[in-house]
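> Sequence and predicted model, in that order:
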Amino acid sequence: MNRIYTKEIRIGNKSIGNFKPIAVQSMTNTDTKDIVSTINQINRLSDLGCDIIRVAVPDEDAAKALRKIKENIDIPLVADIHFNYRLAILAIENGADKIRINPGNIGDRGRVKEIVNVAKEHKIPIRIGVNSGSLDERVLTKYKGKIPEAIVESASEYIKILNDFGFDDIVVSLKSSDVPTTIESYRMFSKKFTYPLHLGVTESGTLWSGTIKSSIGVGTLLSEGIGDTIRISLTADPSEEVKVALQILRSLNLLQRGIEIISCPTCGRCNIDIVGLAEELERNLPTTQKHIKVAIMGCAVNGPGEAKDADIGIAGGHKSALLIKKGIVIGKIPEDRIIETLTEEINNLIKEETEA
Ligand code: SF4
């Protein structure tokens, strides 16, 4: 798919925009002041494939904690600030690689200008995070609701404020909990501006419903070439956000890393517990920077074909399965040894690919 050009923006040791790989983001749910728990969570998310992490900065102690957190992580650290411009400044001074603000709730222009001056001095970008839930009353009255035109106009006004202060190091998000509104807002915005876009459907729900809403919203935009970084907001552990984001990118062939499971829906021909096997394998997958396809198929109808296209796979038989590696049947295993054997084979593949 053809991606739409956006301006390149540096965030710590990563860049987004200008056709750079789409970065996966998440947000910690630890108390930012609890430095050890926050560092541990960030490093776990980073190991899973999170590229950029955001933390809430609700008070001075949280802003000051950023310095220590940053010293102990390898991915860019974004400070999420609402209402208090002093916290934004303190967060930048304590090493934030980017700040996320909604200029609409920071206060008068003078306060925004102070943030901008410190961001310029530290050469860090600002994300303007427009959210349909906190649109300016004037814009809401003008458009009579939280429609895409209102969201885009809000973003345009905030951009103008930053531009007036000579600041152009900007990332934008235009989130709504309504999927069609989110999609249309980003489409409209990307026709007017070239600032890199942080995609997401806000407050999208639990792991199940949020994954569906986000996949449709974010997936539609990505498939149109829109978007430079994504965050899947889920009422779940942040590790789920990272896994879903990676799977969305993989599904659109925008990501060539991690383990992809191809499994059949099962039917009356199946004589092994494919559902249980696929779920157990997925729960215990190792992380890898390589792209490895694993096929878990129920029988000989589509099984051998799919398994042959994968790096490693099984095609179920009677309480057993054929083990197929890179297109070649390499053995037959009893059902109770399938997980153990596949795990061993996956680890071998990771080792082989790493050594290659
Ligand atoms: S691979 Fe076999 S068991 Fe699985 S859905 Fe297809 S026919 Fe049914």
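Perfect, thanks for sending it.
> how about the helices in the chain?
Secondary structure of the chain (DSSP state H): helices at 35-48, 60-71, 85-93, 109-121, 137-143, 148-164, 179-192, 207-223, 238-251, 274-283, 303-309, 338-355.
> Can you say which of those is nearest to the ligand?
Within those, the stretch nearest the ligand is helix 303-309; the backing value is 4.9 Å (Cβ to the nearest ligand atom). All C-beta atoms are positioned from the backbone trio N, CA, C, and that covers glycine.
> Could I get the buried residue list for the closest one?
Residues of helix 303-309 classed as buried: Gly303, Pro304, Glu306, Ala307, Lys308 (neighbour count, 16 or more other Cβ atoms under 10 Å).
> From the chain's centroid, how far away is it?
Mean-position distance between helix 303-309 and its chain equals 30 Å (Cα atoms, centre = their mean, to the nearest Å).
> which helices and strands does it pack with?
Contacts defined by 3 or more Cβ pairs under 8 Å, 6 or more residues apart in numbering; DSSP states H and E place helix 303-309 against strand 291-297, strand 312-316, strand 320-325.
> and these as CSV, adding mean pLDDT?
Compiled in CSV, the helices and strands packed on helix 303-309 are given as follows (pLDDT from 0 to 100):
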stretch, mean pLDDT
strand 291-297, 93
strand 312-316, 94
strand 320-325, 94
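> now the ones you listed in TSV, with mean neighbour count and distance to the ligand?
Listed next are the helices and strands packed on helix 303-309 as TSV, based on neighbours: other Cβ atoms under 10 Å; distance: least, Cβ to the nearest ligand atom, whole Å:
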stretch	mean neighbour count	distance to the ligand
strand 291-297	22	5
strand 312-316	27	7
strand 320-325	22	11
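> about what we covered before: considering the helices of the chain, which stretch scores lowest in mean pLDDT?
Lowest mean pLDDT within the helices of the chain: helix 303-309, a mean of 77.
> Give me every residue in contact with that helix, excluding its own residues.
For helix 303-309, the external contacting residues (Cβ atoms under 8 Å, 6 or more residues apart in numbering) are 262, 264, 293, 295, 297, 313-316, 322, 324, 327, 329.
> how about 7 Å then?
The contact list for helix 303-309, computed with Cβ atoms under 7 Å, 6 or more residues apart in numbering, reads Ile262, Ala295, Met297, Gly313, Ile314, Ala315, Gly316, Leu322, Ile324, Gly327.
> Just flag the most distant two among these.
Gly316 and Gly327 (17.9 Å; Cβ to Cβ).
> just to revisit the earlier point, can you redo the helices and strands packed on helix 303-309 as TSV with distance to Ile42?
Formatted as TSV, those follow (distance: least, Cβ to Cβ, whole Å):
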stretch	distance to Ile42
strand 291-297	24
strand 312-316	31
strand 320-325	36
